[in-house]
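In: Here is my input, please return the structure:
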Amino acid sequence: MLASLYPTGFCANVTALVKGAPGFSRATSLSGSLVGFVTGYVVVVAVFALARPHQVLAFRWPSSLPLLVLAPFFGLACIGLEYLAGVLVLYVRTGRLVTRATVHSSYSVFRRVDVRDVLSVLVVVIGEELVLRQFLYTLLATDLAIAVGAVIGLCTVVYAANHLSFGGASAIAKLPSGLLYVWLFYVSGLSVVVVIVAHATQNLTLLSLSRRSSWSSDLRSWSSTARSWLPGRRSAEVGDPRWR
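Out: From the prediction side, this is the model:
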């Protein structure tokens with residue numbers, strides 16, 4: 001039950017177990033930084049699947065197939081919702097309208113992204129949806145017979161709380177996207193497939209946007225190298241005391 005409410009805590013403990021306490025800051029790749037979360041979600045989903053396979057592994061097609069086509073657009077909408085929520089939180093806290101945003105430092109800190117990184121992101125997305133959406137929703141709605149409105153609210157809050165490691169402002173910003181995802185899960189006839197597609201679109205889009213800083217850095221490095229090949233520029237630099 002605790003793992004279904006706060007799987008991020010369990011995954012953080014797995015990270016510390018696998019890589020040691022300082023392991024969070026030692027990763028040299030995105031997949032390396034996510035290894036604890038990938039392992040943690042695999043363990044949690046496997047345990048839940050053994051205990052209640054009908055609540056975890058029920059991959060239903062949506063009641064309305066157009067929702068599957070529209071799912072990526074819901075994921076993109078969540079980026080906008082989180083951005084607006086973040087702007088509002090900062091305005092309330094500081095009294096200033098801050099509109100500039102950075103993309104996920106946990107993504108942008110790494111200069112290169114490969115297939116393993118993308119697969120790690122997808123595994124974490126699937127794990128989150130199976131645990132925080134499908135399992136938790138059915139547990140509250142079916143086993144505990146809680147009203148649908150309350151279940152949607154609880155799932156929204158739990159999803160946001162699982163992002164507290166990024167800070168309180170980030171957790172609050174996750175409330176609108178968490179609400180949209182659980183609503184999408186509900187209106188699709190409890191189809192976790194639709195929500196996985198939407199959530200994966202959001203995270204992979206953010207991963208792609210985080211590459212802009214790397215591309216800019218590479219371009220500046222290439223431009224600097226190209227200028228150093230120019231004869232006039234080269235002679236001037238060689239005479240610079242910084243090169244001695």
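
In: State the distance from the residue most central in space within the chain to S63.
Out: Nearest to the geometric centre of the chain sits N203, at 5.1 Å (C-alpha atoms, centre = their mean). Taking C-beta to C-beta, to the nearest Å as the measure, N203 falls 25 Å from S63. Where C-beta positions appear, they are placed from N, C-alpha and C, glycine not excepted.

In: Same check on S208?
Out: 31 Å.

In: Could you verify my assumption that V192 touches E129?
Out: Yes - between V192 and E129 a contact is recorded at 5.4 Å, counting by C-beta atoms under 8 Å.

In: so what's V182 closest to, chain neighbours aside?
Out: C155 (4.5 Å; C-beta to C-beta, 6 or more residues apart in numbering).

In: For the one you found, report the pLDDT, please.
Out: C155 carries a pLDDT value of 96.

In: Now it: which helix or strand?
Out: Assigned by DSSP states H and E, C155 belongs to helix 148-161.

In: Please enumerate residues in contact with that helix?
Out: 5-6, 128, 132-133, 136-137, 140-141, 146, 171-172, 174-175, 178-179, 181-183, 186 (C-beta atoms under 8 Å, 6 or more residues apart in numbering).

In: Mind doing that once more with 10 Å?
Out: 4-9, 85, 128-129, 131-133, 136-142, 144-147, 168, 170-183, 185-186 (C-beta atoms under 10 Å, 6 or more residues apart in numbering).

In: quick revisit: what about the residue nearest to V182, neighbour count?
Out: C155 has 23 neighbours, counted by other C-beta atoms under 10 Å.

In: Common neighbours of V192 and E129, please.
Out: Going by C-beta under 10 Å, 6+ apart, residues that sit against V192 and also against E129 are 135, 185, 199.

In: thought the last one was touching A71?
Out: In this case it means H199. Yes - between H199 and A71 there is a contact under C-beta atoms under 10 Å: 8.9 Å.

In: overlap in contacts of these two?
Out: Joint contacts of H199 and A71 (C-beta under 10 Å, 6+ apart) are L184.

In: Going along the chain, name the helices of the chain.
Out: With helices called from DSSP state H, the chain shows them at 2-5, 7-19, 30-33, 35-51, 53-56, 66-94, 105-108, 115-128, 136-138, 148-161, 168-187, 192-228, 231-238.

In: Report the contact partners of the residue nearest to P176 when sequence neighbours are not counted.
Out: Counting by C-beta to C-beta, 6+ apart, P176 lies nearest to L81, which is 4.1 Å off, once chain neighbours are set aside. The contact partners of L81, by C-beta under 10 Å, 6+ apart, come to 74, 173-180, 202.

In: out of these, which is most surrounded?
Out: G178 (27 neighbours).

In: distance of that one from R133?
Out: Applying C-beta to C-beta to G178 and R133 gives a distance of 9 Å.

In: And A198, by the same measure?
Out: Taking C-beta to C-beta, one finds A198 at 11 Å from R133.

In: of the two, who's got more company?
Out: Set side by side, A198 and R133 show more neighbours around A198, with 28 against 24, by other C-beta under 10 Å.

In: Verify the contact between the more buried one and P62 for me.
Out: No - using C-beta under 10 Å, A198 makes no contact with P62, being 11.2 Å away.

In: neighbours of S170, just the number please.
Out: 17.

In: Need the per-residue pLDDT for it.
Out: Reading off the model, S170 has pLDDT 87.

In: next one: T102
Out: 70.

In: try C78
Out: 96.

In: roughly how far apart are the closest residue to it other than its chain neighbours and L81?
Out: Distances taken as C-beta to C-beta, 6+ apart put S177 closest to C78, at 3.8 Å, once the chain neighbours are dropped. To L81, S177 is 5 Å away according to C-beta to C-beta.
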